[in-house]
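J.: Need the 3D shape of this:
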Amino acid sequence: MERIRAFFYKYRHMWLLSYGFIYLPWFCYLERTVTHDYHIMHAPLDDLIPFNEYFIIPYIAWFVFVAGTLLFFMFRSREDYYRMCAFLFSGMSISLIICTFFKNGTDLRPVIDPEKNIFSAAVAALYQTDTCTNVFPSIHVYNSIGTLIAVCKSSLFKNRKLIKTGAGIMTAAICLSTVFLKQHSVIDVAGAGIMACMMYHLVYAYSPAGQGKKVAEKILE
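T.: Below is the predicted model:
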């Protein structure tokens with residue numbers, strides 16, 4: 001019991017992860033209620049991008065990439081953890097607000113033959129569990145960019161060019177996967193990129209080192 005108490009005291013900053021109790025119910029509510037009369041996010045460029053089921057690999061890897069990096073910082077660097085939480089959670093909240101008042105979705109999904117291969121089967125399963133609504137801006141893209149920024153800005157990886165390069169490649173692959181799987185329009189990707197640029201200046205560029213906790217608490221209030 002003492003070890004458990006010591007663990008939770010040492011990593012008491014994990015309380016920020018309780019944001020999930022706000023985000024998930026809100027997101028699930030939107031998924032259930034936004035089913036019709038929503039704005040279609042569609043650009044001419046979307047029609048030029050072919051569907052490719054193999055991009056399901058980086059799309060799913062997003063969960064490990066983002067969550068794994070966040071947990072790593074939680075255990076290794078509070079400063080980086082606070083900043084990453086501030087960046088991710090603020091953007092996710094903005095996305096929910098946008099989807100609440102600006103109902104949106106896509107019409108890009110093709111008919112999938114789940115018998116074609118395991119990748120097509122995975123995409124078909126994804127389509128069944130994830131609706132084509134609440135797509136702008138893309139959280140997949142936004143959180144991937146946020147994770148890359150967190151890695152590049154962390155002093156823990158100051159001289160780790162290989163890790164930074166790997167994170168960059170992973171981010172690019174995830175962003176591409178959203179359009180090649182027809183989960184998002186290029187408009188959603190652009191929106192996520194713009195929002196990431198804005199949040200970068202708020203969380204990283206304009207806040208001095210050592211102020212990560214204060215930034216996170218102010219944004220998440």
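J.: Mind jotting down where the helices sit in this structure?
T.: Assigned by DSSP state H, the helices in the chain fall at 2-10, 20-33, 44-48, 56-76, 78-101, 118-129, 139-153, 161-180, 186-200, 212-220.
J.: of all these, which lies closest to residue 109?
T.: Ranking the helices of the chain by proximity to residue 109 (Cβ to Cβ) places helix 118-129 first, at 6.1 Å. In short, each C-beta sits where N, CA and C put it, glycine included.
J.: Tell me which residues of that closest one come out buried.
T.: Residues of helix 118-129 classed as buried: 119, 120, 121, 122, 123, 124, 126, 127 (neighbour count, 16 or more other Cβ atoms under 10 Å).
J.: helices or strands next to it in the packing?
T.: helix 56-76 (3 or more Cβ pairs under 8 Å, 6 or more residues apart in numbering; DSSP states H and E).
J.: Look at residue 194 and say how many residues are nearby.
T.: 12 (other Cβ atoms under 10 Å).
J.: scratch that, residue 117
T.: 12.
J.: just to revisit the earlier point, let me have the buried residues of helix 118-129 in CSV, extended by distance to residue 175 and pLDDT.
T.: Compiled in CSV, the buried residues of helix 118-129 are given as follows (distance: Cβ to Cβ, whole Å; pLDDT from 0 to 100):
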residue, distance to residue 175, pLDDT
119, 19, 98
120, 21, 97
121, 24, 97
122, 19, 97
123, 17, 98
124, 22, 97
126, 17, 97
127, 19, 97
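J.: got any ranges where this protein has weak pLDDT?
T.: Of all residues in the chain, those with pLDDT under 70 make up the ranges 206-221.
J.: The residue nearest the centre of it: what's it in contact with?
T.: In the chain, the residue lying closest to the centroid (Cα atoms, centre = their mean) is residue 143, at 2.8 Å. Contact analysis of residue 143 by Cβ atoms under 8 Å, 6 or more residues apart in numbering lists 62, 66, 88, 91, 92.
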